[in-house]
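Colleague: based on what follows, work out the 3D shape:
(4 chains)
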Amino acid sequence: MTGVGEEAMDVDLKSLGFRVEERRTLASGSDELLINMGPQHPSTHGVLRLLLRTDGEEIQEAVPFMGYLHRCAEKIGENVPYDTYTPYTDRLDYLSSMNNNWAWAMTVEKLAGIEVPQRAEYIRVIVAELNRIASHLVMVGTYGLDLGAFTPFLLTFREREEILDILEEISGGRLCYGYIRIGGVTDDITPTFATKCRAFLRQYVSKLDAINELLSYNRIFIRRTANVGPLSAEKAIACGCTGPILRASGVDWDLRRDEPYSIYDKFDWNVCVGKGEKGQLGDTWDRYMVRVREMYECVKICEQALEGIPEGPFRAKVPRNFKPPAGECYFRAENPRGELAFYVVSDGSKRPVRVKVRGPSFCNLSVVQELSRNMLVSDFVAVVGSFDLVMGEVDR
Amino acid sequence: MVNILQEVFEGITTSLKGMKVTLRELFSPGCTLQYPDERRIMPERLRGMVVNDPSRCIACNACVNVCPVGCIECEGEGKGKERRPIRFAIDYRKCCWCALCTEVCPTESIFMSEDYETVFQDRTQLIRDFCSNPIPPKPGDKKRTTKPLGVPLSGRVAF
Amino acid sequence: MHFVPYLHEQFLSAWPASVVVLLVALIGAGIMLAWVALVALVAVWAERKVSAHMQARLGPIYVGGFHGWLQTVADGLKLFLKEDIIPAMADKWLYIQAPVLVFGGAFLAYAAIPFGPKLVVSDLNIGVFYILAMSAIVAVGIIMAGWASHNKWSLYGGMRTAAQFLSYEIPSALHLMPVIMYAGTLNLGEIVRSQETGLFGWAGIFGWYLFRNPFLFLSFICYYISSLAETNRTPFDLPETESELVAGYHTEYTGIRFAFFFMAEYANMFVAAALSTLLFCGGWNGVLSRNIQYLPDPVVFLLKCSAFIFLTMWLRWTLPRFRIDQLMALCWKFLIPLGLLNIVGSALWMYIFEQV
Amino acid sequence: MNQEAKAGEPKPPVINNSMRFRTEEAFPVLKSHFGDAVRSLSDTRPDRHILVRPGFLPEICKFLRDDPDWQCNMLHCVTGLDQAETLAVVYHLFSMPKRHFVVLKTEVLRDSPMVPTLAHIWPSADWLERETFDLFGIVFEGHPDLRRILLPDEWIGHPLRKDYEMPTHEKLRELGL
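Modeller: Numbering: from 1, shown residues only, chains lettered A, B, ... in the order given. Below you'll find the model as predicted:
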C-alpha cells in the first residue's frame, strides 16, 4: 500500500502508544493497513472512532477512541440543583431517557429518603418499559441495517413511532421526556393513555413476530451473526458488562428481578438469557435475540402494570428548594443497555458535590477491543452493532 | 452434504418467509405523513417552543433560576404587584425544551406553546425578547395558556 | 445490418461506405443510450417506490404529479449540476475513467439484446458470449474506481469487487451452458426462437428452457443468484456495503460521476433480467403458443424483464447481506459444482429423453 | 419550609430498594485481615464506605474478590472525588453470586495522587481508571494503558477537580482544540 497519508499514520500511532518498531514495520513493507472506522462511519452508531489495524479484511487490532460527544454531564451535575439535572439525564442515553430519568430520580429519592406514591411507581414502570421497547426496537432495526437489511429498520421505527406518540401524549416530548422526576412523575397520565397503550401492545406482538420472520430467523442473518464474537460469562462479568450483553452470555441476571427496585417484584415475567441456540453461547445472535425476547417480556410487564394502576397522587411533595441530607448514595437501575448507576455525594446543599454516571455502554464497549482480534471487518460491524452503543452515554 | 442441503433449504424457506412479510408490507398503507401538507394532531401536552406572556409575567425570576441551561434572561421593573418585565428574552439556541420553567411560574405566564416548527432564517431570531416582540394571542388557545404542565392534583405545590 | 447497404445505395451513394456505417452506428448508439437512460430512470423510480412501500413509507410523491414519477429526472438534473469533486490524492486519470468504464460496460451489452425478433442493434452470432464479456468490463471499472479514489474503504470495495465479480463470472457462464447446449447457438434471437416449442411439440410456457428439464430449472435459479452477485445487488452488494465500507468504491464520487455508477447499476440490472428472460423464459414468447399471442413481442419481453427486476428489488429489500467469505463459499462450493452437474445432467437428459 | 426540615432529618429510607450494601459487615473482616491498612468506616448515609490506605488497595480487593464469603467478581464503578485537601477514589465492588456491594474509598494527596491500579484484578477497571485519570488526574500506577479517554490528548488540566478553571474560548483556540 503506497502512502495512504503517512503523516496521519504517525499521529494515530503516537496516540495509540504503539512501540516505535511496530510503527516502522507498519509504515514500510507491511501488508497491514490502518483504517479509521468512524467517527463518521455509518455503523459505529454515533461518533465512536475505532482505529483498525487490518491485514486484508482481517482485523488485527481495533482500538476505540471516544469523547467526541463529551458534554461534561458530570461537571454539570455538580453545578445544577438535583431536579434540574433531570433534563441532562435525558441526554445521556437519548434512546431511553425515561429509564435515565428514573434512575436519577431513584438515586436522589434513596439519598433523601423520599417515598414515591404507588400511582407514580406504576406510571414509571409503564413508561420505562415502553421506552425499553422503543430502545430495543432501535437496536433491532439498526442492527438489521448494519447487516444490510433495510426493511426491518423502518418497520421497527414504525412501531417505535407509536410508542413515541404514546409517550409524547403524557410527557410532551418525543425523545427527551424529562417526565420522571424526583418524587414521582411530572404529570398524571391522560385519560386516553391506558387505552392507547393497550391498543398498541395488543397489535405489537404480531408486528414483532413479523420482524422475527423477516430478520431474526433469516438464515443469512443467522449465518452472519451466530458464532461471531462470542463473549464468555466470566469475561463479561469481569469486564463489567451488564444488561442484555451479560444475559446473552448466559448469566441469569436482571436487576428488575434480582434487585427489584420500585414495584418490579409485583409482576410476573421472565428474564431472557442467551442460550447459544444457533452457535456459541454469548455470540452476536444471542445478544441480538436477548433484546428481541426482552421486548415480549416488556409487553407482559406493561400489561400487568396497566391493570394495576391505583388511584392517588402521582407525585410526592418535594420542597421547592430541595436539599437532601448530606451523604453519599449509589444506585443502579436496569436500563435497556445495561445497568445505569448514579453515584451522588451530597453535602446538604442545593447542589450535589459529585455526580458520577456509570454508563452501561461505557463498560460494555470496553470489551470490543478484545473481541475484535482476528475478525473480519464485516463481523466487526456485526459485533459493534450488537453492543447497541449510544455514544451519548459512553462519552457523557 | 446433508448439512449443505439443509442449509440451502433453510436459506430458501426463511428467505421466502421474509419475502412474504415484505410483500404484505408492500400492499399495506404507508404510515408516513406528507409533512407540510398533512400534519399530525399534536397532543395537548406538546412541548413546543417556550413563550412568555409579558402581560402576566411578574418578573419573579423563578424561571431564570430553575432553567438548567440558563436560556432565559429577565429584567424587571417595579415592586411587589406592580413588578413587570422590561426585558424577557429566551435564547432558543440553548433551550432544551424541558418545561421546568413552566412548572415554577406562579402566574402561568411562561408556557410551552404548540409551535414545534423551530426553523429560523437567521440566528438573531433565535433570541426572542417577549417584551418588544410579544406573542400574538391565539383565539382557540385558551387551554394551553391557562394550564401549564405539572400542576399536582392537590393544589399548587409548584416545583 | 442489412439496413446499412440499403441506405448507402438508395440515399447516400455519394458518401463513402465507412461514413455511412459510422453514421448508422452513432444513431443506433444514441437510441440505445436514450433507452439505457430511460431504463435507469424508470428502474430507479420503481426501486424507490417498491422499497418505500415495503417499508411503510410512500417514497417520492410530489415531482411530476403521479407518484413522483419525475423524481429521478429531478435527481438526475441535480446530480448534473452538483460540484464534481476529485480528491486531491486521487489518481485523477483513473478516477475520471472509472465511471465511464462502468457505464460503458453496461451500455455495450445492450447492443446484443434483442427486444423482438428483429429489434436488435447488432444481431451477433456470439450474443451470449458478448454480453458476458461486456458485463465483465464493469468489474474493471469498479476496481479502478476503488483504487483511484485513494480511500481505504474504497480500496476494500474495489478488492471485494475483484474477488466477487471474477468468481461469479464462472457460475453465471456455467449455468448458461445447458441452454446453449440445447439451443446449439450463441445467438440470442436463435435461442429465443428455439424456445417456441418444447418437448412433444408443446408450445408456450413448456417451450421455455426453464421448464425443459429439472437441471435447467436448477440452472436458472443458480444463474439468477449469480446474476444478482454480478449486478451488485443485495444480498451480494459487498463492494458498496454502506454499513461496512461506507459506500465502497463510490465513496468519493460526487455529482455526475456518481450518477454514472448509479445508472450503470440499473442498466446492468436490466441486462441481467434480459438475459434471464431471453435464455430461460422464452424471451418474447408469451405464456401461450406463439400463434395466439396478442401482445407485441417487445411488450412481452419487457414485461418479463420487469418481473425479474421487481424480484431483484424484492430480494434486496428483504434480505440481509452475505459476508465476503460466505459469498465466495457460495460461489465456489455450491454454484460452480452445481453448474458442472447441470451441464452433465442436461447432456444426459438431452441424450436420453430428447434424442438430440 | 417545614418540608425541607423533614427531608433533612435522618430517617430510614422507605423506598423499595433491595441493593444490599454489606460495607459495615466487611469492615471488621477487613480490619482483622489487614490491620492498619483499613482506616475507618464512614458514617455517611445512606451508603457507607471503608476508607483504606491506597498502597494496600490491590491486596484488599484481591481478598474481596477471592474470599468465598465475599466473592466480589465485578468492579461496578470507579469514581474520583475531590475533597478539597485530598482526592479520593471510590470503588463499588459487587458480588454477583452473593448479591452485595462493598464500597471502598482511598484518599491521596492532591500533589501526588498515586493509586495502584486494579486493572489486573478486574479488567473493567481499565477504562474506569482511565476515565478517573482523565477527569481527576489521579495516576493509577501499573495501569497498562493510562491515556486520556474522554478528553482530547492535548487537553490541559483535569476538569472534575474543584479548582479547575474552564479555559476560555481564546485559550482553546490557541491549543488548537
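
Colleague: tabulate the CA atom coordinates of stretch C:126-141 in PDB.
Modeller: Taking Å, rounded to 0.1, in the frame of the first residue of the first chain, the C-alpha atoms of stretch C:126-141 are listed here in PDB:
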ATOM      1  CA  ILE C 126     -22.000 -14.800 -30.200                       C
ATOM      2  CA  GLY C 127     -24.600 -12.700 -28.400                       C
ATOM      3  CA  VAL C 128     -24.400 -14.500 -25.100                       C
ATOM      4  CA  PHE C 129     -20.700 -14.600 -25.000                       C
ATOM      5  CA  TYR C 130     -20.500 -10.900 -26.000                       C
ATOM      6  CA  ILE C 131     -22.900  -9.800 -23.200                       C
ATOM      7  CA  LEU C 132     -20.900 -11.900 -20.600                       C
ATOM      8  CA  ALA C 133     -17.700 -10.300 -21.800                       C
ATOM      9  CA  MET C 134     -19.100  -6.800 -21.700                       C
ATOM     10  CA  SER C 135     -20.500  -7.100 -18.300                       C
ATOM     11  CA  ALA C 136     -17.100  -8.200 -17.100                       C
ATOM     12  CA  ILE C 137     -15.800  -4.800 -18.100                       C
ATOM     13  CA  VAL C 138     -17.900  -3.400 -15.300                       C
ATOM     14  CA  ALA C 139     -15.700  -5.200 -12.800                       C
ATOM     15  CA  VAL C 140     -12.600  -3.500 -14.200                       C
ATOM     16  CA  GLY C 141     -14.200  -0.100 -13.900                       C
END
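
Colleague: mind listing what's buried in that stretch?
Modeller: C:127-128, C:130-132, C:134-141 (16 or more other CB atoms under 10 Å in any protein chain shown). (Each C-beta comes from the backbone N, C-alpha and C, glycine too.)

Colleague: could you give the mean pLDDT of it?
Modeller: Averaging pLDDT along stretch C:126-141 gives 86.

Colleague: and which of the buried residues of stretch C:126-141 is nearest chain D?
Modeller: Among those, C:G141 lies closest to chain D (CB to the nearest CB), at 41.2 Å.

Colleague: residues contacting the closest one?
Modeller: C:Q97, C:A98, C:P99, C:V100, C:L101, C:V102, C:F103, C:G104, C:G105, C:A264 (CB atoms under 8 Å, 6 or more residues apart in numbering or on different chains).

Colleague: helix or strand next in line after the one helix or strand it maps to, which one?
Modeller: Using DSSP states H and E, C:G141 sits within helix C:127-148. Later in the chain than helix C:127-148, the nearest helix or strand by DSSP H and E is helix C:152-174.

Colleague: poorly predicted segments of chain A, please.
Modeller: Residue ranges of chain A with pLDDT under 70: A:1-30.

Colleague: cutoff 50 now
Modeller: Applying pLDDT under 50 to chain A flags residues A:1-25.

Colleague: now the buried members of the contacts of C:G141.
Modeller: C:Q97, C:A98, C:P99, C:L101, C:V102, C:F103, C:G104, C:G105, C:A264.

Colleague: any chance of the contacts of C:G141 in JSON lines, with pLDDT and secondary structure too?
Modeller: Shown next, in JSON lines, are these (pLDDT from 0 to 100; DSSP: H, G, I helix; E, B strand; the rest coil):
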{"residue": "C:Q97", "pLDDT": "87", "secondary structure": "helix"}
{"residue": "C:A98", "pLDDT": "88", "secondary structure": "helix"}
{"residue": "C:P99", "pLDDT": "89", "secondary structure": "helix"}
{"residue": "C:V100", "pLDDT": "88", "secondary structure": "helix"}
{"residue": "C:L101", "pLDDT": "88", "secondary structure": "helix"}
{"residue": "C:V102", "pLDDT": "88", "secondary structure": "helix"}
{"residue": "C:F103", "pLDDT": "87", "secondary structure": "helix"}
{"residue": "C:G104", "pLDDT": "86", "secondary structure": "helix"}
{"residue": "C:G105", "pLDDT": "85", "secondary structure": "helix"}
{"residue": "C:A264", "pLDDT": "86", "secondary structure": "helix"}
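
Colleague: and residue 37, what does it touch?
Modeller: Let's take chain A. A:T44, A:R49, A:L50, A:L51, A:L52, A:A62, A:F380.

Colleague: could you do chain C instead?
Modeller: By CB under 8 Å, 6+ apart, C:A37 lies in contact with C:M263.

Colleague: mind checking which helix or strand it is in?
Modeller: Here C:A37 is assigned to helix C:17-54, by DSSP H and E.

Colleague: give the next helix or strand downstream of that helix.
Modeller: helix C:71-81.

Colleague: show me what that next one is packed against.
Modeller: On a contact count with 3 or more CB pairs under 8 Å, 6 or more residues apart in numbering or on different chains; DSSP states H and E, helix C:71-81 meets helix C:17-54, helix C:255-280.

Colleague: quick one, what contacts C:T251?
Modeller: Contacts of C:T251 by CB under 8 Å, 6+ apart are C:S149, C:N151, C:W153, C:S154, C:G157, C:L245.

Colleague: ok, 6 Å please
Modeller: Contacts for C:T251 (CB atoms under 6 Å, 6 or more residues apart in numbering or on different chains) come out as C:N151, C:W153, C:S154.

Colleague: got a winner among those for most neighbours?
Modeller: C:S154 (28 neighbours; other CB atoms under 10 Å in any protein chain shown).

Colleague: excluding residues flanking it in the chain, which one is nearest residue 130?
Modeller: Picking chain A for this. Distance criterion CB to CB, 6 or more residues apart in numbering or on different chains; nearest residue to A:L130, sequence neighbours excluded, is A:I163 at 5.1 Å.

Colleague: you answered for a different chain; I wanted chain D.
Modeller: D:I149 is the one closest to D:R130 (CB to CB, 6+ apart), at 4.3 Å.

Colleague: number of residues surrounding the one you found?
Modeller: 25.

Colleague: report pLDDT for it.
Modeller: 84.

Colleague: just say helix, strand or coil for it.
Modeller: coil (DSSP: H, G, I helix; E, B strand; the rest coil).

Colleague: ok, it - contacts?
Modeller: Here D:I149 is in contact with D:R130, D:E131, D:D134 (CB under 6 Å, 6+ apart).

Colleague: roughly how far apart are the first one and D:G80?
Modeller: So the one you mean is D:R130. Going from D:R130 to D:G80 by CB to CB, to the nearest Å gives 11 Å.

Colleague: compare these two (neighbour count), which wins?
Modeller: D:G80 (26 against 22).

Colleague: check contacts around the more buried one.
Modeller: D:V89, D:T132, D:F136, D:I138.

Colleague: that one sits in which helix or strand?
Modeller: D:G80 is located in strand D:74-83, with elements delineated by DSSP H and E.

Colleague: direction included, what does that strand pair up with?
Modeller: strand D:86-95 (antiparallel) (DSSP bridges).

Colleague: next SSE after the strand it pairs with?
Modeller: strand D:100-109.

Colleague: buried sites along the following helix or strand past that next one?
Modeller: Following strand D:100-109 in sequence order, the next helix or strand is strand D:114-116 (DSSP H and E). With burial defined by 16+ other CB under 10 Å, the residues of strand D:114-116 counted as buried are D:V115, D:P116.
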